[in-house]
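Visitor: Sequence first, then the predicted structure, then my questions.
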Amino acid sequence: MPSPQQIRQAFLDHFAQRGHAIVPSAPMVVKDDPTLMFTNAGMNQFKDLFLGNRPVTHPRIADTQKCLRVSGKHNDLEEVGIDTYHHTMFEMLGNWSFGDYFKKEAVQWAWELLVDTYQIPKADIYVTYFGGDAADKLEADNETRDLWLQYLPAERVLPFGRKDNFWEMGDTGPCGPCTEIHVDIRSAAEKKAAPATRLVNNDHPQVIEIWNNVFMQFERRADGSLHPLPAKHVDTGMGFERLCMVLQGKQSNYDTDVFQPLIQALAKACGKTYGQEAKADIAMRVVADHLRAIAFAIADGQLPSNTGAGYVIRRILRRAVRYGYSFLGLHEPFIHALVPVLVKEMGAQFPELAKQQALVASVTLEEERAFLRTLETGTKRLEQLVAESTGTLDGAKAFELFDTFGFPIDLTRLMAREHGLEVDMEGFEQELKQQKQRSRAATAITAGDWTELAAGTTEFTGYDQLQSQARILRYRQVKDKTGEHFQIVLDRTPFYAEGGGQVGDQGWLHQGGIKVQVLNTLRENRLIVHFTKELPPDVNATLTAEVDGHRRRLTRRNHSATHLLHHALRHVLGTHVEQKGSLVAPDRLRFDVSHFAKITPEELARVQAEVNDAIRADMPLEEFRDTPMEQAKAMGAMALFGEKYGDRVRVIKFGESVELCGGTHVPRTGEIGSVRIVYEGALAAGIRRIEAITSEAAEQYVQQRLDTLGEVQDLLKHPADAVQAVRHLLEQNAAMAKELEKAGHERVARLQATILGRAVRVKEAQVVAEEVDLDANGMRDLAFRLKDAHPDLLLVMGAQRDGKALLGVMVGADLIAKGLSAPKVIKELAAEIQGGGGGQPFYATAGGKNPAGLPKAFKKAALLLG
């Protein structure tokens, strides 16, 4: 049985022998395409070649690409692990032709690989081709059909419509018919009983698509029309995990050697046997799948966070944790311990995984710890919601648990049933639907077709000048949540497009005395795109593109300072320090580095001093453009975390600082002025974040602090030692606070001794409802003093603070046993003060904006016992 490593290598060797350049996988995290967060198909890194935005250097390419999908058909995150063949992270084996070979060679080489190299039985292979589409006025792809009929009988060469066999990059862009290769892995008896003809493209788990060959020959315009491409391309993708299932004779991707080492390590950790219990099996599949997604994302530079791509990774990780927590009995961190197993299996093919192993494990461990704490908090929140509910748990509240605490809905339903409650699933589904709609609306972009004015690519002149004469190559109108604007591509531009952590340039396009403001500059599939609110008066005439020089100078000072900071950190802390992310803006710089301890104030002072020494040395910029990668490495240039580099790179050198970098920099370090580190803290496990300022911002920072010190000295009447004078004031303040706290305790004690004398007997309960001269802490203190000695007491306290109303409710144990709870009471009373609140079964609080409603709340309290 071939190993996954042998299967992968056989694919690459097959196409290398047929003239294909074998290229490494692009990072799974996408940085230069605003339409994507993650690489979701093998063709993503070649999108600009299909679009004609950069020249083709290798007309034939093959690779294995790491991909991530968490949405779309069969890829909803909550469904992964339930079946046997869908995943979040997966490998896509692919071969491409850019205007070189087309259908004949693609079909022939696919057949030779599958039948001759992999020895898949011919009788198990079925193929599909595009059967035509009347709406698009497209005829059937009979050329592909006839090519397949050289190898297969007609009953296994099947036509399908546009839905299955016409591939499109998106709503617009390159597209074309495709041919899919399916394999029947059913048992001999099942095959004999019925052919797989009717099972193809029917979601049958044993009649599966393994390879899609797309023949790109059209461009879809925004109006829906199709236009022939000037050159025809081949784009293929074969699911590596599914291929391994076929070649290793398994019925599930998860039973292959791709996943089994992870699953067996997990089974050992939890003391269960895979294959014996359905829910435990699903949990093990979820964890094995999700670990791969998490590890590769972190290794490629995407740390878990609360926004964007980082939030996707956090969601995936938390789903794995909660499955282990709920179904495998793993209540302590466990996923990080599987990282060495993954590296052993995949580190050779993907060296970035092995290089970042320690970081992946430490970040995962910290995320696990944080989420387990969140689960504990969520459990307490669920207990509160249960106490406030009768019969049914509100769907919106169940969604709060799902969205805020990561509680799976099935866990919420299980825990609710233990308390005799059902969950309003219709309400939950409605909230979930609304969230998805909000998310889509927030990212929705409607782009028109590019209006092509001239052919060509953009020459970037911004390293040498801030103004360029230019002509518009293409433009289009775009509408998003901010409104309508234009995207413009020029033949020459000094505008730097956002990349490598540096923000995009702003400036103007001048034409005939009119200034069109450039709001931002971004890179999209190798295009430098200028964002404006309007077009220049004449789109066919020459214009002057001018960068905002002051903003650019501030930005480049921060970028050069980032390089000096990186070098100083490695000198002071050690060469284990690596950049893990950065932001270079006009007003500040942010720098994330690998370091497994807090950077001490003394270390930060040394780092800052070294950077300022380098600035005062006024070192010149040494720039090496278009340098071969191997030569750059020989110079000592550092490749940065999560970045993809080409064969030729740009090297930036200031003294001993040598880095690969495409950003803008100062001609001499003296221009930076000075650096002030203003923040250092933890970003994630093993990652420290440093924020700093330079130039004008650093001068303003120092001046503001001098002004503040002057004001303090004025207030203190210019003492000889201002620090000692402030310390003395703080000591006096602390002493007064203790006196106030003591007085508060005395008020509580007096109330404790007298308040029950004003109790009213209502049925079997004592009720006290009155306004008290206590703050929130005092109310809670009084409640805790009375609750154990008076189990039949309902205590309702009210107070006014800063024009607002405050309520505190204590319910004794006997009343709780009879179905009353503090959250239920507070919910009713809070309406009178126009507020809301909550709490534990015996004690709850509420705040409101209507103090005049307190008397009504007190009267209402006794009625709740009726």
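Guide: Ah, there it is.

Visitor: Residue 864 contacts residue 825, correct?
Guide: Yes. At 5.9 Å, residue 864 counts as touching residue 825 under the criterion of C-beta atoms under 8 Å. From N, CA and C alone the C-beta is placed, and that goes for glycine too.

Visitor: Overlap in contacts, those two.
Guide: residue 794 (C-beta atoms under 8 Å, 6 or more residues apart in numbering).

Visitor: Those two: which has the busier surroundings?
Guide: Under the neighbour definition other C-beta atoms under 10 Å, residue 864 and residue 825 were set side by side, and residue 825 has more, 25 against 17.

Visitor: residues touching the more buried one, list them.
Guide: 794, 796, 809, 811, 844, 861, 864.

Visitor: just those residues: which has the poorest pLDDT?
Guide: Within the set of the contacts of residue 825, pLDDT is lowest for residue 864 (84).

Visitor: The stretch 351-500 of the chain: helices as residue ranges?
Guide: Per DSSP state H, counting those that start in this stretch, the stretch 351-500 of the chain carries helices over the ranges 351-355, 357-388, 395-405, 409-418, 425-443.

Visitor: in the shortest one, what counts as buried?
Guide: If I follow you right, that is helix 351-355. The neighbour-count check on helix 351-355 (16 or more other C-beta atoms under 10 Å) flags 352, 353, 354 as buried.

Visitor: mind giving me JSON lines with those residues and columns for distance to residue 24 and pLDDT?
Guide: Below are the buried residues of helix 351-355 laid out as JSON lines (distance: C-beta to C-beta, whole Å; pLDDT from 0 to 100):
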{"residue": "352", "distance to residue 24": "9", "pLDDT": "91"}
{"residue": "353", "distance to residue 24": "13", "pLDDT": "93"}
{"residue": "354", "distance to residue 24": "14", "pLDDT": "94"}
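
Visitor: Kindly present the residues you listed as TSV, with separate columns for distance to residue 720.
Guide: Output for those, formatted as TSV (distance: C-beta to C-beta, whole Å):
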residue	distance to residue 720
352	59
353	61
354	61
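
Visitor: now the farthest one out in the protein, which residue is it?
Guide: Most distant from the centre of the chain: residue 757, at 59.5 Å, with distances by C-alpha atoms, centre = their mean.

Visitor: can you pull the contacts of that one?
Guide: Applying C-beta under 8 Å, 6+ apart, no residues qualify as near residue 757.

Visitor: what's it sitting at in phi/psi?
Guide: Here is the backbone geometry of residue 757 (degrees, to the nearest 10): phi -70, psi -20.

Visitor: Equivalent analysis for residue 197, please.
Guide: According to degrees, to the nearest 10, residue 197 has phi -50, psi -50.

Visitor: Name the SS class of the spatially closest residue to residue 82 that is not a sequence neighbour, please.
Guide: Nearest non-adjacent residue to residue 82, counting by C-beta to C-beta, 6 or more residues apart in numbering: residue 282, 6.1 Å away. Under DSSP: H, G, I helix; E, B strand; the rest coil, the three-state class of residue 282 is helix.

Visitor: measure residue 282 to residue 315 for me?
Guide: 18 Å (C-beta to C-beta, to the nearest Å).

Visitor: next one: residue 81
Guide: Distance of residue 81 to residue 315, computed by C-beta to C-beta: 14 Å.

Visitor: between those two, who's got more neighbours?
Guide: The neighbour count for residue 81 versus residue 315, taken as other C-beta under 10 Å, is higher for residue 81 (24 against 16).

Visitor: and the more buried one, which of the three is it?
Guide: Assigned by three-state DSSP, the conformation of residue 81 is coil.

Visitor: Residue 250 too?
Guide: Three-state call for residue 250 (three-state DSSP): coil.

Visitor: And residue 592, by the same measure?
Guide: Secondary structure assignment for residue 592 (three-state DSSP): strand.

Visitor: May I have the beta-bridge partners of it?
Guide: Under DSSP bridges, the beta-bridge partners of residue 592 are residue 581, residue 689.

Visitor: quick thing: my sequence starts at 51, can you match it?
Guide: OK, 51 is where the count begins now, so the last one is residue 642.
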